[in-house]
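[1] Here is my input; please provide its structure:
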Amino acid sequence: MVESDDNKIQLPFSMESEPPFEEAYKALLENSIEDEAKMSNRGNQIVVMYEECELPLIDIGRLNMGELERKECKKEMARASQEWGFFQVINHGVSSKILEDMRSEQMQVFKQPFLLKTNHRYLNLVAGCYRWGTPTATCLSQLSWSEAFHIPLSDISSSFIALPTSLRSAMGKFAATVSEVGQRIVELLAEEMGHESRFFKKNCVPSTCYIRMNRYPPCPTSSQSQIFGLMPHTDSDFLTILHQDQVGGLQLVKDGGWIAVKPNPEALIVNIGDLLQAWSNGVYKSVQHRVVTNHKLERFSTAYFLCPSYDAVIESCVKPSLYRKFSFREFRLQVQEDVQKLGYKIVLSFGFLFYTYKDETHVLSL
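    Down below sits the predicted model:
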């Protein structure tokens with residue numbers, strides 16, 4: 001038997017830990033040939049593939065090495081944010097022990113029986129923090145073959161959330177150090193645009209910033225159909241910081257095609273979110289990315305999402321603005337509505353666009 005120390009839930013340890021993907025999505029899997037014919041042009045029609053490549057690598061330890069090094073480091077981050085929407089950082093100040101402890105605890109959580117993971121009393125978190133698959137999927141191209149725990153930073157430190165001690169400690173250290181990296185990077189990107197803004201520090205709060213622990217199980221059908229570990233998307237935040245294992249699978253759009261990101265064990269991956277593209281007036285790019293499945297290997301990653309309070313208003317820092325100002329609450333509601341209706345978000349290309357120049361419409365990458 002396995003027992004949660006805090007909640008006294010008892011279930012046989014022999015129960016399957018894997019989410020029932022094949023059973024739950026049997027109809028979609030059986031209709032995979034028909035499904036591929038129906039794949040939308042949201043990203044599945046971007047067919048050009050390049051070989052695995054390394055993201056721009058930036059040593060942010062140089063931020064502490066004098067004014068000239070600091071300026072050059074800022075320029076490199078800004079350039080990568082404009083041209084790639086992604087970059088990786090080394091000498092980031094997050095110790096290998098913190099990252100290793102986080103990964104170890106994460107693996108233990110995902111090993112628990114599926115029925116235990118789906119019971120929010122298991123970790124005493126709010127209902128819905130554990131997610132798997134894609135409930136709204138109507139075709140394989142909308143299915144994400146993965147499971148995840150979505151945990152607000154405020155829950156990690158809350159005395160009302162009865163997390164196991166080792167998990168709370170690992171998540172707490174990871175969140176504290178990675179959030180410092182995120183705040184520093186986003187403020188430097190703002191500074192590079194001439195805005196020494198405290199907006200991010202003031203508005204990004206623990207109740208809306210969160211950690212997402214991801215596991216991508218082996219997908220036995222991945223060699224037969226295009227099933228994603230995480231479907232093509234952009235991030236609905238200011239900034240995301242990712243620590244991934246060495247299995248690989250992360251891909252992003254660059255120059256009209258999908259490229260595979262080569263894992264770097266020393267680096268954290270940084271990517272620009274929709275909100276920072278809107279705030280920067282389209283200077284920094286929120287780029288479409290996805291995770292592809294692996295036929296034999298499971299993959300783990302942990303992501304930190306820098307998000308504002310729901311009432312925070314996002315407004316372009318450059319005038320004239322490409323995007324109208326909007327609150328994070330309004331943005332999230334529109335995203336949820338898009339996903340319910342279409343299976344993916346189109347939120348900023350329509351409801352939040354302000355200007356059209358000649359024949360070119362300025363939209364966020366979706």
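[2] where are the low-confidence patches of this structure?
    For the chain, applying pLDDT under 70 flags the ranges 1-15, 32-51, 222-225, 347-366.
[3] How are the helices of it distributed by residue range?
    Per DSSP state H, the chain carries helices over the ranges 21-24, 26-30, 32-37, 67-83, 96-110, 114-117, 153-157, 165-192, 199-203, 274-279, 328-342, 347-350.
[4] what's the most buried one of these?
    helix 274-279 (a mean of 26; mean count of other C-beta atoms under 10 Å). Where C-beta positions appear, they are placed from N, C-alpha and C, glycine not excepted.
[5] one step back: mind putting the helices of the chain into CSV with distance to F238?
    Output for these, formatted as CSV (distance: least, C-beta to C-beta, whole Å):
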stretch, distance to F238
helix 21-24, 32
helix 26-30, 34
helix 32-37, 34
helix 67-83, 11
helix 96-110, 22
helix 114-117, 29
helix 153-157, 14
helix 165-192, 6
helix 199-203, 7
helix 274-279, 5
helix 328-342, 10
helix 347-350, 14
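[6] out of these, nearest to G229?
    helix 21-24 (11.2 Å; C-beta to C-beta).
[7] what comes into contact with the closest one?
    By C-beta atoms under 8 Å, 6 or more residues apart in numbering, the list of residues contacting helix 21-24 from outside reads L29, W132, G133, W145, P217, C219, P220, T221.
[8] Of the residues you listed, which is the most crowded?
    W145 (27 neighbours; other C-beta atoms under 10 Å).
[9] need the contact list for it.
    W145 is in contact with F21, G133, Y216, P217, C219, S222, I227, F228, G229, T293, counting by C-beta under 8 Å, 6+ apart.
[10] how does it look with 10 Å?
    The contact partners of W145, by C-beta atoms under 10 Å, 6 or more residues apart in numbering, come to 19, 21, 25, 132-134, 216-222, 227-231, 291-294.
[11] Thought V261 was touching C53, still the case?
    Yes. Contact criterion C-beta atoms under 10 Å: C53 and V261 qualify, at 7.3 Å.
[12] what is in contact with those two at once?
    L252.
[13] Among these two, which residue is more densely surrounded?
    Under the neighbour definition other C-beta under 10 Å, C53 and V261 were set side by side, and V261 has more, 21 against 11.
[14] Now do the strands in the stretch 201-350 of the chain.
    Counting by DSSP state E, counting those that start in this stretch, the segments of the stretch 201-350 of the chain that form strands are 210-216, 228-233, 239-244, 250-254, 257-261, 268-272, 289-292, 299-306, 313-314, 326-327.
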